[in-house]
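Asks: with the input below, show me the fold.
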Amino acid sequence: GKDTTIGHWEIAGVVSPNPLPTYPNGFPEEVLKPFREATGRGVLANAPWSGTEVIAKYGAEHMRTGDLIVYTSADSVFQIAAHEDIVPLEQLYEYCRIARKILVGKHGVGRVIARPFIGNEKDGFTRTSNRHDFSLEPPAETMLDAIKAAGQDVLAVGKIHDIFAGRGLTDYVYTKGNTDGLAKTMDYFKRDFQGLCFVNLVDFDMLYGHRRNIDGYAAALTEFDGWLAELLPQLGGGHPGVKGVLLVVGGQQFPAAVPEGVQRRGRRVAVRQRLRQLSLIQQVCQQGYSSTSVQTGTLRQLAAIRQ
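Replies: Below is the predicted model of the structure:
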């Protein structure tokens with residue numbers, strides 16, 4: 001697979017032997033029936049859709065009926081869209097937890113995603129930044145688990161916490177887009193830590209990649225480069241306590257196009273390169289570290305663990 005969940009698992013050293021299930025014809029009744037019964041709400045759409053197009057088509061009906069907009073994509077996802085005035089955020093998140101409990105076994109999708117939106121039929125509907133992902137747990141130990149077990153820090157920015165179902169982390173923050181993500185990453189690097197800071201900048205994919213928005217993607221990369229220029233001096237001799245590794249991911253997360261940047265202790269190792277081998281990430285992280293092998297079937301992941 002090449003979706004977000006499996007892509008991040010592979011970055012962290014876990015190879016899934018089978019692709020996660022997808023639903024090009026929508027979800028079967030054996031999934032929808034218990035979901036309707038547990039939530040007490042009907043279901044609209046139930047097909048692969050663009051997130052913006054599905055709320056444009058079904059948003060008004062959802063507001064009239066209270067039925068939930070359930071849709072999927074080419075990825076292994078069960079997405080629930082609801083207007084924030086009709087379904088409060090915490091209620092939407094609870095519906096996602098219900099779906100997550102249903103979607104196991106052969107229907108174990110990679111992520112259940114809350115997709116809240118605002119607006120009205122006259123002026124149009126807009127998705128908000130209150131998205132939340134409910135992922136499957138990785139099927140084996142990841143690099144994050146190994147680093148945490150060694151007593152090191154594993155800091156997560158953006159949807160990393162959700163992608164790994166909270167596993168292997170010592171601290172995390174959610175973000176409301178790239179700019180917020182960069183600011184919160186900078187905050188982490190202003191404090192002393194040893195270990196890994198794993199960052200996902202969601203706008204690269206959600207706002208620009210899926211929509212083939214070249215100008216938007218270029219502007220986001222320019223913002224990232226400017227931010228990185230501010231960060232790099234902080235990783236040198238002026239901050240001797242910072243001994244961590246920065247791994248930034250943006251865009252589709254599969255082996256041919258992994259990180260926006262990998263940075264270790266003041267040296268810019270790889271920025272905006274299409275890294276052809278996941279092992280290169282491990283080699284970058286391993287420099288100056290002892291290594292612990294995480295056996296993952298076909299891939300042996302070297303975890304970066306500071307002695």
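
Asks: quick one, longest helix in the protein?
Replies: What stands out as the longest helix in the chain, according to DSSP state H, is helix 214-231.

Asks: could I get the buried residue list for it?
Replies: 217, 220-221, 224, 227-228, 231 (16 or more other CB atoms under 10 Å). Quick note: C-beta positions are derived from backbone N, CA and C, even for glycine.

Asks: and it, what's its mean pLDDT?
Replies: The pLDDT scores in helix 214-231 average 86.

Asks: what's it packed up against?
Replies: Helices and strands touching helix 214-231, by 3 or more CB pairs under 8 Å, 6 or more residues apart in numbering; DSSP states H and E, are helix 178-189, strand 245-254, strand 257-264, strand 267-271.

Asks: tell me the two of the buried residues of helix 214-231 that are most distant?
Replies: 217 and 231 (20.6 Å; CB to CB).

Asks: against residue 172, how distant is the nearest residue to residue 142 once chain neighbours are set aside?
Replies: Spatial nearest neighbour of residue 142, chain neighbours left out: residue 12 (3.9 Å); criterion: CB to CB, 6 or more residues apart in numbering. Going from residue 12 to residue 172 by CB to CB, to the nearest Å gives 15 Å.

Asks: repeat that for residue 191.
Replies: 14 Å.

Asks: next one: residue 62
Replies: 31 Å.

Asks: go ahead and confirm residue 31 touches residue 107.
Replies: Yes. Using CB atoms under 8 Å, residue 31 makes contact with residue 107 at a distance of 5.6 Å.

Asks: and the two? Which one has more around it.
Replies: residue 31 (20 against 15; other CB atoms under 10 Å).

Asks: tell me the contacts of residue 119?
Replies: Applying CB atoms under 8 Å, 6 or more residues apart in numbering, one finds that residue 119 lies in contact with 59, 83, 125-126.

Asks: please pick the buried ones from these.
Replies: If we count by 16+ other CB under 10 Å, these have these buried: 59, 83, 125.

Asks: residue 62 and residue 172: who's more crowded?
Replies: Set residue 62 next to residue 172 and count neighbours by other CB under 10 Å: residue 62 wins out with 25 against 18.

Asks: ok, and that one, which helix or strand is that part of?
Replies: Using DSSP states H and E, residue 62 maps to helix 51-65.

Asks: show me what counts as buried in that helix.
Replies: Under 16+ other CB under 10 Å, the buried positions of helix 51-65 are 51, 54-60, 62-63.

Asks: can you give me the angle the helix or strand following that helix makes with helix 51-65?
Replies: Per DSSP H and E, the first helix or strand lying C-terminal to helix 51-65 is strand 68-72. In terms of direction (axes from the mean of the first three to the mean of the last three CA atoms, to 10 degrees), strand 68-72 departs from helix 51-65 by 160 degrees.

Asks: which residues does the next helix or strand along the chain from strand 68-72 contact?
Replies: Per DSSP H and E, strand 68-72 leads on to strand 77-83 as the next helix or strand towards the C-terminus. Here strand 77-83 makes contact (CB under 8 Å, 6+ apart) with 3, 27, 31, 51, 54-55, 58-59, 62-63, 68-73, 92, 95-96, 99, 103, 109-119, 125, 127.

Asks: now strand 77-83: buried residues?
Replies: For strand 77-83, burial by neighbour count (16+ other CB under 10 Å) applies to 77-83.

Asks: could those residues go into JSON lines alongside distance to residue 131 and pLDDT?
Replies: JSON lines is the format used below for those (distance: CB to CB, whole Å; pLDDT from 0 to 100):
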{"residue": "77", "distance to residue 131": "12", "pLDDT": "96"}
{"residue": "78", "distance to residue 131": "14", "pLDDT": "98"}
{"residue": "79", "distance to residue 131": "9", "pLDDT": "98"}
{"residue": "80", "distance to residue 131": "11", "pLDDT": "98"}
{"residue": "81", "distance to residue 131": "10", "pLDDT": "98"}
{"residue": "82", "distance to residue 131": "12", "pLDDT": "98"}
{"residue": "83", "distance to residue 131": "14", "pLDDT": "98"}
